[in-house]
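Q: can you look at this prediction? I've put the sequence above it.
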Amino acid sequence: MNKQGVGSFTIRRSRAPVRALRMVLLPACLLFVLAAMAQAAAPEKGVDGAATYVGEKVCANCHAAENAHFGHTVHAGVFRQNPRNERERQVCEACHGPGSRHLANATDRNALIGFTREWGTPVEKQNAQCLGCHQGRQRIYWPGSPHASNMLACSDCHNTMTRMSATGLLKKASISETCYSCHRQQRAEFRKRSHMPLPEGKMSCGSCHNPHGSPTRPMLNANTVNDVCYSCHTEKRGPFIWEHAPVRENCLNCHEAHGSNHEALLVAPRPFLCQQCHTNRTHQNTLATVPNLASGAAPNQRLIARGCQTCHAQIHGSNHPAGVRFLR
Ligand code: HEC
Ligand code: HEC
Ligand code: HEC
Ligand code: HEC
Ligand code: HEC
Ligand code: HEC
Ligand code: HEC
Ligand code: HEC
Ligand code: HEC
Ligand code: HEC
């Protein structure tokens, strides 16, 4: 994966106004700010000259476009209309940190916490800002997760400055598009001949994964692969009188999780799928010899259509008293 590409996405249309402001309006802006600061409680110098909070109105003077976009987000709604504590009341500075030093020198990149790669604030520091309010719950396994240990920032998936997605303040319009921006291989898998109906919009990566981390590899949102699958394919959970051992063990013994070029997301075509495990007795093996192949000299009727399943139809398990061989 191209690490350079990570998070290179920024809202371009909102950066242009920043630049214009810098060149034309900065002096005017500064005057305005100074006036505003004189009126409002002037920011005192913090202990050891540490930055102090200046309030969102000051920020909006120079960052009008960002302020307007931000107005459409969940955070703006909560922080402005129904703040639950002092930190939420700080609005812009709840995330970007106290702004007084930024006002003194807008180009000092240590004076303010930025969430774009260009700004250069260390990823841990960025994430700590978000985790200050969002620790626990879905993110309980964030520390040490593959995403955290590969230095992903919350803002690699989330854009909290504008509303790009219906839910979740994501960087792209949907969960899957957000993930695809880095996981190209998975995008290809979902385009295979048979695939989970994700491109059709019936599910998202989040139906099976928790991108914030999980104790189940690879970041699955249940305790085992099978539990993930049972959450939708409940009929496969059983209980069955006659269980097929590989089904109970792991659905991935026979299925791909994302997509496959064989039917029904199978990992191998039939009958070879079955013969990977069933080879040493009676008819299980003979079926695949060349003269017996469906197109061979002496076609074996058992190979017609779905091969083994012409007879062993209940491959996920049987509830028929005589279903020990999954024939019914
Ligand atoms: C006097 C005008 C002015 C005020 C007031 C101001 N900024 Fe800025 N801000 C700028 C300029 C100019 C830049 C661009 C600096 C650069 O690119 O080197 C900037 C950059 C930023 C960035 C970095 C963007 C990036 O590239 O990641 C953030 C975040 C930011 N400001 C937030 C704030 C917040 C929050 C406040 C209020 C506390 C605030 N600004 C107040 C002028 C201002
Ligand atoms: C919930 C946390 C949060 C709050 C609140 C917040 N920001 Fe941001 N801000 C971010 C993140 C995350 C980014 C990076 C967005 C991205 O990926 O492009 C950002 C980016 C910026 C930038 C850089 C330009 C851009 O959009 O990429 C500016 C300027 C900025 N914020 C100003 C503000 C101002 C002004 C406010 C208050 C009106 C504010 N922010 C409130 C998190 C926040
Ligand atoms: C001051 C506390 C605070 C900070 C800092 C903060 N958030 Fe939030 N965030 C909230 C609150 C409050 C909500 C509203 C939903 C709720 O009650 O949990 C919220 C909601 C969200 C949501 C859900 C949006 C939705 O549509 O449901 C996301 C995603 C989110 N925040 C991401 C972030 C990211 C990323 C950062 C850091 C850039 C961040 N937050 C920083 C308090 C915070
Ligand atoms: C790899 C991508 C990715 C990263 C990195 C990421 N998130 Fe998320 N986050 C998501 C997705 C996907 C959702 C679900 C959005 C939806 O349901 O619409 C989500 C949902 C959320 C929500 C709303 C649901 C809830 O749990 O209340 C919050 C808050 C949140 N993320 C915070 C964070 C914080 C904080 C970080 C950084 C520590 C972070 N996220 C890092 C992808 C990511
Ligand atoms: C900014 C790039 C980026 C984005 C966006 C991203 N990922 Fe990842 N993801 C990574 C990196 C880096 C790794 C670790 C290296 C690897 O396995 O490729 C990873 C690993 C994973 C893994 C494998 C974990 C393991 O144990 O091997 C899963 C599953 C995953 N990501 C799911 C998601 C989902 C779901 C989303 C969207 C919500 C998402 N990712 C968005 C970069 C990203
Ligand atoms: C139907 C459930 C399901 C959905 C939907 C799903 N995954 Fe997976 N994913 C899995 C399972 C199960 C594995 C483990 C595969 C294995 O061990 O061979 C996995 C593995 C992965 C891995 C680890 C590398 C690999 O391919 O084995 C990554 C990365 C990943 N998924 C990303 C994604 C992304 C991105 C999306 C959305 C575009 C997504 N997944 C949607 C179930 C799912
Ligand atoms: C979020 C719900 C959900 C989860 C979780 C889920 N599936 Fe599915 N699965 C579906 C839906 C919906 C279909 C499409 C059914 C249809 O089109 O009739 C499907 C179809 C399938 C198919 C048939 C594909 C075909 O071409 O006939 C297989 C096989 C399958 N899933 C296996 C799995 C496995 C294995 C897992 C666990 C890794 C899993 N599913 C997890 C919802 C889910
Ligand atoms: C021993 C191999 C094997 C294992 C293990 C297996 N399957 Fe299947 N599965 C198949 C075959 C073969 C088909 C195609 C059936 C057909 O075409 O009649 C299939 C079809 C499916 C289908 C689509 C048709 C249907 O029956 O609804 C779903 C959904 C499915 N499997 C889910 C699962 C789940 C969930 C698991 C794990 C609990 C699982 N499978 C484990 C072999 C297996
Ligand atoms: C991952 C290995 C694996 C795959 C793939 C697999 N099986 Fe099995 N199968 C087993 C195991 C293990 C048993 C249990 C054997 C036992 O109890 O002696 C079993 C049991 C059976 C039985 C009952 C045998 C008996 O002695 O009671 C039948 C019939 C069967 N499988 C048919 C199939 C068919 C048809 C397929 C292909 C759709 C298939 N199997 C794929 C491992 C597999
Ligand atoms: C024409 C129907 C038919 C087809 C096709 C078929 N089987 Fe069978 N299979 C049976 C019957 C009937 C039994 C039960 C034999 C008994 O109980 O003595 C059986 C028994 C089995 C057994 C249990 C152990 C044994 O050998 O008696 C396994 C394993 C098995 N079949 C695997 C397969 C595999 C793998 C395929 C595909 C390569 C396959 N079968 C194709 C009818 C079929």
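A: Sure, I can see it. Ligands and ions are numbered 1, 2, ... in the order given.
Q: write out the residues of the stretch 101-250 of the chain neighbouring ligand 1.
A: Within the stretch 101-250 of the chain, the positions near ligand 1 by C-beta under 6 Å from any ligand atom are 102-103, 106-107, 112, 114, 116, 118-119. Placement of C-beta: from N, CA and C, glycine included.
Q: and those residues, which two are furthest apart?
A: Every pair in these was compared (C-beta to C-beta); the two farthest apart turn out to be 103 and 118, at 20.2 Å.
Q: quick revisit: which among the residues of the stretch 101-250 of the chain next to ligand 1 count as buried?
A: In those, burial by neighbour count holds for 102-103, 106, 112, 114, 116, counting by 16 or more other C-beta atoms under 10 Å.
Q: just the ones of those in helices?
A: 102-103 (DSSP state H).
Q: and which of the buried ones among the residues of the stretch 101-250 of the chain next to ligand 1 is nearest ligand 9?
A: In terms of C-beta to the nearest ligand atom, no member of these lies closer to ligand 9 than residue 116, at 48.0 Å.
Q: just the pLDDT for that closest one.
A: The predicted local confidence for residue 116 comes out at a pLDDT of 93.
Q: same check on the one 5 residues further on?
A: At residue 121, the predicted lDDT confidence score is 95.
Q: before we move on, what about the one 4 residues further on?
A: Taken from the predicted model, the pLDDT recorded for residue 125 is 95.
Q: quick one, phi/psi of it?
A: phi -70, psi -40 (degrees, to the nearest 10).
Q: which residues does it contact?
A: With C-beta atoms under 8 Å, 6 or more residues apart in numbering as the criterion, the residues that contact residue 125 are residue 113.
Q: now it: how far from ligand 8?
A: Distance, residue 125 to ligand 8, by C-beta to the nearest ligand atom, to the nearest Å: 43 Å.
Q: how near is that residue to ligand 4?
A: As it turns out, when the distance is counted by C-beta to the nearest ligand atom, residue 125 lies 12 Å from ligand 4.
Q: what about the nearest residue to residue 243 once chain neighbours are set aside, how many neighbours?
A: Here the nearest residue to residue 243 in space, its sequence neighbours aside, is residue 317; by C-beta to C-beta, 6 or more residues apart in numbering that works out to 5.0 Å. Other residues within reach of residue 317 by the criterion other C-beta atoms under 10 Å amount to 20.
Q: what does the chain put close to ligand 4?
A: For the chain, the residues found near ligand 4 under the criterion C-beta under 6 Å from any ligand atom are 127, 130-131, 134, 137-139, 142, 147, 152, 154, 156-158, 167-168, 170, 175, 206, 211-212.
Q: okay, now the unreliable bits of this structure?
A: Judged by pLDDT under 70, the chain has its weakly predicted residues at 1-49, 280-281, 286-306.
Q: strands of that one, start to end?
A: 194-195, 259-260 (DSSP state E).
Q: let me know which of the ones you listed is the nearest to ligand 8.
A: Taking C-beta to the nearest ligand atom as the criterion, ligand 8 comes closest to strand 194-195 out of the strands of the chain, the separation being 9.6 Å.
Q: near ligand 2, which residues of the stretch 151-300 of the chain?
A: By C-beta under 6 Å from any ligand atom, the part of the stretch 151-300 of the chain that sits against ligand 2 consists of 155, 159-161.
Q: whichever of the residues you listed end up buried, select them in ChimeraX.
A: What follows is the ChimeraX syntax selecting those of those that are buried according to 16+ other C-beta under 10 Å:
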select :155,159,160,161
